[in-house]
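Student: Build me a structure from this.
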Amino acid sequence: MPSVETPTEGVAPQVPKTELEELQIKANSVADESLESTRRMLALCEESKEAGIRTLVALDDQGEQLDRIEEGMDQINADMREAEKNLSGMEKCCGICVLPCNKSQSFKEDDGTWKGNDDGKVVNNQPQRVMDERNGMMAQAGYIGR
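Tutor: Numbers count the residues shown, from 1 in each chain. The predicted model follows:
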């Protein structure tokens, strides 16, 4: 029996195309790919814009937090000055006689800690740690001596 080919439904039979039609199909395909690529680029630009906005908001919040910390440090500095003034007033007995046993040093102002300028730069130095040399305590490696 000879085989009879039946065309499948919904599929057009292959018609030979001219070179012009093939070029038109290829041009349409390239245009579709270009449009899809452009859509992806726009989506990436929107994502980048959103990330930039989130970064700006976070930086603004951190700037406000740093301002609050600086205000707190200024208040601590003012309190320390007032405490120093009050302690220096206590050096005298009844406010008249100076106590001979009092050997306190005045509060040393450290310009590196309490800078008055607002240059916006990062503070890269901190107050130094004081070592207690009265009983020989120095930085050790974590071992307890006998």
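
Student: Show me the shaky parts of this protein.
Tutor: Applying pLDDT under 70 to the chain flags the ranges 1-16, 91-146.

Student: quick one: the helices in it?
Tutor: When secondary structure is read from DSSP state H, the chain shows helices at 19-89.

Student: Neighbours of residue 81, how many?
Tutor: 13 (other Cβ atoms under 10 Å). Heads up, the C-betas are built off the backbone N, CA and C, glycines and all.

Student: ugh, wrong one, residue 87
Tutor: For residue 87, the number of neighbouring residues by other Cβ under 10 Å comes to 13.

Student: Distance-wise, check it relative to residue 81.
Tutor: When Cβ to Cβ, to the nearest Å is applied, the distance between residue 87 and residue 81 equals 11 Å.

Student: Next: residue 33.
Tutor: Taking Cβ to Cβ as the measure, residue 33 falls 71 Å from residue 81.

Student: so what's residue 49 up against?
Tutor: Neighbouring residues of residue 49 by Cβ atoms under 8 Å, 6 or more residues apart in numbering: there are none.

Student: Distance check, it against residue 39.
Tutor: To residue 39, residue 49 is 16 Å away according to Cβ to Cβ.

Student: next one: residue 62
Tutor: Distance from residue 62 to residue 39, counting by Cβ to Cβ: 35 Å.

Student: swap in residue 17?
Tutor: When Cβ to Cβ is applied, the distance between residue 17 and residue 39 equals 29 Å.
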